[in-house]
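Asks: build the 3D model from these lines:
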Amino acid sequence: MSFIRKRGKIYHLYWRDENSQQVSRSLKTGNRELAREIQKRFDDGRIRERFGLSEPIPIGDLIHRRLNSLSRTGTLNRETSVYKAFQEFLGDSSSVAITPVVIEKYKTWRLNNGISHNGLNTELRHLHRLFTWGEEQGLCRAMKIKKVKPEKHKPMAITLREVQRLYDYIAMAPIVFGRRERIRDIDFWRLYWRVLLRLYLLTGGRKCEVALLRWKNIDEDVAAVIFTSTKTDEDRAMPLKLDLLDELKTLRALTEAGPEDLIALHKPDQIFSRIKDFMLAAGIPASKKPGLHVLRRTFGSYHYQLNKDLLATKGALGHADSKTTEHHYIDTLEDLREQVEKLPF
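Replies: Next up is the predicted model:
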């Protein structure tokens with residue numbers, strides 16, 4: 001039988017596997033009644049399996065029930081696309097028992113079809129979530145799904161010259177007004193897009209971290225921005241260059257915005273699309289994948305090159321693991337080359 005224990009504010013479920021090794025998993029809830037209900041479903045499923053009271057549910061039915069349980073549109077769309085690829089791999093044998101061997105074959109099949117290692121790891125995370133949910137519902141057994149080792153690549157960033165070209169383009173590019181853009185002042189929109197671009201480029205914020213900033217998140221006294229809508233759910237403060245702070249003050253005065261108002265006047269996807277268009281028009285090659293994330297990678301790469309402090313760059317980017325920072329933002333080969341050149345022998 002299993003038991004639950006609260007660690008911090010979250011309940012965790014503990015049980016022993018076939019080898020009598022203790023295993024645990026976060027229930028991602030601080031509600032005791034909900035945690036008890038999940039534990040009951042989990043124990044019922046294990047009892048049924050132990051005494052042969054029911055057969056594991058076919059994978060097709062499991063996916064159908066999982067999708068019907070989701071309420072958030074974004075999560076539903078992401079998981080639907082992942083399960084569609086998985087069922088395509090299974091073909092007509094969608095009722096087959098899923099084993100680690102099947103998962104390994106799926107990894108090879110997806111990589112041969114051209115998916116990136118990071119993209120495949122995202123899919124594997126959703127599949128792991130599917131079987132974990134199924135076990136909690138007493139429908140199937142959960143399984144450990146190992147990620148594939150990401151390929152090491154040179155960090156992708158835009159050059160200082162390309163950054164200047166981007167600034168110059170925004171300063172002279174024709175601005176097309178959207179239907180919902182009430183302000184019809186071209187100079188205002190040039191300032192607006194420049195400020196948004198610099199917020200991404202000088203803070204390393206993710207797409208939604210910057211797009212969901214409110215004016216109350218700008219601390220003018222210490223010249224810093226406080227990210228609250230972060231991926232890790234932990235607030236992160238970043239200092240602002242003084243000239244960027246002055247531009248923010250000017251923009252706020254023009255919009256007469258209150259503390260609770262969003263700085264961005266567009267949705268995250270609209271910001272991504274517009275800035276991507278600016279970057280392509282400014283001559284930034286498509287091979288660098290123009291968009292908001294390359295601005296984040298540019299910030300991370302230059303931040304590390306200036307101080308060579310991995311932990312400082314990790315904190316600035318808001319990563320939970322320094323391995324993520326090292327893999328995506330640091331060219332370790334070049335660092336080793338510099339160190340070898342300095343050796344006295």
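Asks: give the pairing partners of the longest strand seen in the chain; include direction for each.
Replies: As assigned by DSSP state E, the longest strand anywhere in the chain is strand 10-16. If you go by DSSP bridges, strand 10-16 pairs up with strand 3-7 (antiparallel), strand 22-26 (antiparallel).
Asks: give me the mean pLDDT for the last one.
Replies: Yep, that's strand 22-26 we're talking about. Across strand 22-26, pLDDT averages out at 86.
Asks: next one: stretch 208-223
Replies: Mean pLDDT, computed over stretch 208-223, is 93.
Asks: now do stretch 248-264
Replies: What stretch 248-264 shows for mean pLDDT is 93.
Asks: ok, residues contacting that stretch?
Replies: 183, 188, 191-192, 195-196, 199, 210-218, 220, 240, 265, 271 (Cβ atoms under 8 Å, 6 or more residues apart in numbering). Glycine gets a C-beta too; all of them are placed from N, C-alpha and C.
Asks: the stretch 51-200 of the chain: strands as residue ranges?
Replies: Assigned by DSSP state E, counting those that start in this stretch, the stretch 51-200 of the chain shows no strands.
Asks: sketch out the low-pLDDT regions of it for me.
Replies: Along the stretch 51-200 of the chain, segments meeting pLDDT under 70 span 51-57, 92-97, 150-155, 176-183.
Asks: which ones are touching residue 216?
Replies: With Cβ under 8 Å, 6+ apart, residue 216 has these contacts: 259-260.
Asks: center of this protein - which residue?
Replies: residue 231 (6.4 Å; Cα atoms, centre = their mean).
Asks: near the closest residue to that residue other than its chain neighbours, how many other residues are there?
Replies: Excluding the flanking residues, the one nearest residue 231 by Cβ to Cβ, 6 or more residues apart in numbering is residue 206, at 6.4 Å. Look at residue 206: counted by other Cβ atoms under 10 Å, it has 20 neighbours.
Asks: got phi/psi on residue 206?
Replies: Phi and psi for residue 206, reported as degrees, to the nearest 10, are phi -70, psi 170.
Asks: and if you look at the one 10 residues further on?
Replies: Per-residue torsions, residue 216: phi -70, psi -20 (degrees, to the nearest 10).
Asks: over to residue 290?
Replies: Dihedral angles phi and psi of residue 290 (degrees, to the nearest 10) take the values phi -50, psi 140.
Asks: you'd agree it is up against residue 279?
Replies: Yes: using Cβ atoms under 8 Å, residue 290 is in contact with residue 279, at 3.6 Å.
Asks: what are the ranges of the helices in the stretch 151-300 of the chain?
Replies: In the stretch 151-300 of the chain, the segments counted as helices under DSSP state H, counting those that start in this stretch are 160-172, 186-203, 207-211, 242-255, 268-281, 292-307.
Asks: likewise for the stretch 1-150 of the chain?
Replies: Using DSSP H, counting those that start in this stretch, the helices of the stretch 1-150 of the chain run over 32-50, 59-69, 73-90, 100-112, 117-136.
Asks: quick one on the thing from earlier: measure the residue nearest to the centre of the chain to residue 124 for me?
Replies: The spacing between residue 231 and residue 124, counted by Cβ to Cβ, to the nearest Å, is 19 Å.
Asks: do residue 227 as well
Replies: Taken as Cβ to Cβ, the span from residue 227 to residue 124 is 28 Å.
Asks: quick one, which of these two is more surrounded?
Replies: residue 227 (22 against 19).
Asks: domain map for this protein?
Replies: 3-136, 160-337 (automatic domain parsing).
Asks: of these, flag the one that's most buried.
Replies: Among the domains of the chain, ranked by average contacts under mean count of other Cβ atoms under 10 Å, first place goes to domain 160-337 (a mean of 16).
Asks: sorry, back to before: mind putting the strands paired with strand 10-16 into JSON lines with distance to residue 285?
Replies: Converted to JSON lines, these look like this (distance: least, Cβ to Cβ, whole Å):
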{"stretch": "strand 3-7", "distance to residue 285": "48"}
{"stretch": "strand 22-26", "distance to residue 285": "43"}
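Asks: looking at these, which is closest to residue 275?
Replies: Across those, residue 275 has its closest neighbour in strand 22-26 (36.2 Å, Cβ to Cβ).
Asks: please compute how far that closest one lies from its chain's middle.
Replies: Centroid displacement of strand 22-26 relative to its chain, using Cα atoms, centre = their mean, to the nearest Å, is 25 Å.
Asks: repeat for stretch 235-246
Replies: On Cα atoms, centre = their mean, the centre of stretch 235-246 falls 23 Å from the chain's centre.
Asks: what of stretch 313-324?
Replies: On Cα atoms, centre = their mean, the centre of stretch 313-324 falls 13 Å from that of its chain.
Asks: now that stretch - C-alpha only, PDB.
Replies: The C-alpha trace of stretch 313-324 is given here as PDB (Å, rounded to 0.1, in the frame of the first residue of the first chain):
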ATOM      1  CA  THR A 313      24.200  33.600 -16.200                       C
ATOM      2  CA  LYS A 314      22.000  30.800 -14.900                       C
ATOM      3  CA  GLY A 315      20.400  33.200 -12.400                       C
ATOM      4  CA  ALA A 316      20.000  36.000 -15.000                       C
ATOM      5  CA  LEU A 317      18.200  33.600 -17.400                       C
ATOM      6  CA  GLY A 318      16.100  32.000 -14.600                       C
ATOM      7  CA  HIS A 319      17.100  28.400 -15.300                       C
ATOM      8  CA  ALA A 320      16.500  25.700 -12.700                       C
ATOM      9  CA  ASP A 321      19.500  23.700 -13.800                       C
ATOM     10  CA  SER A 322      22.900  25.100 -14.900                       C
ATOM     11  CA  LYS A 323      23.200  22.200 -17.400                       C
ATOM     12  CA  THR A 324      20.500  24.000 -19.500                       C
END
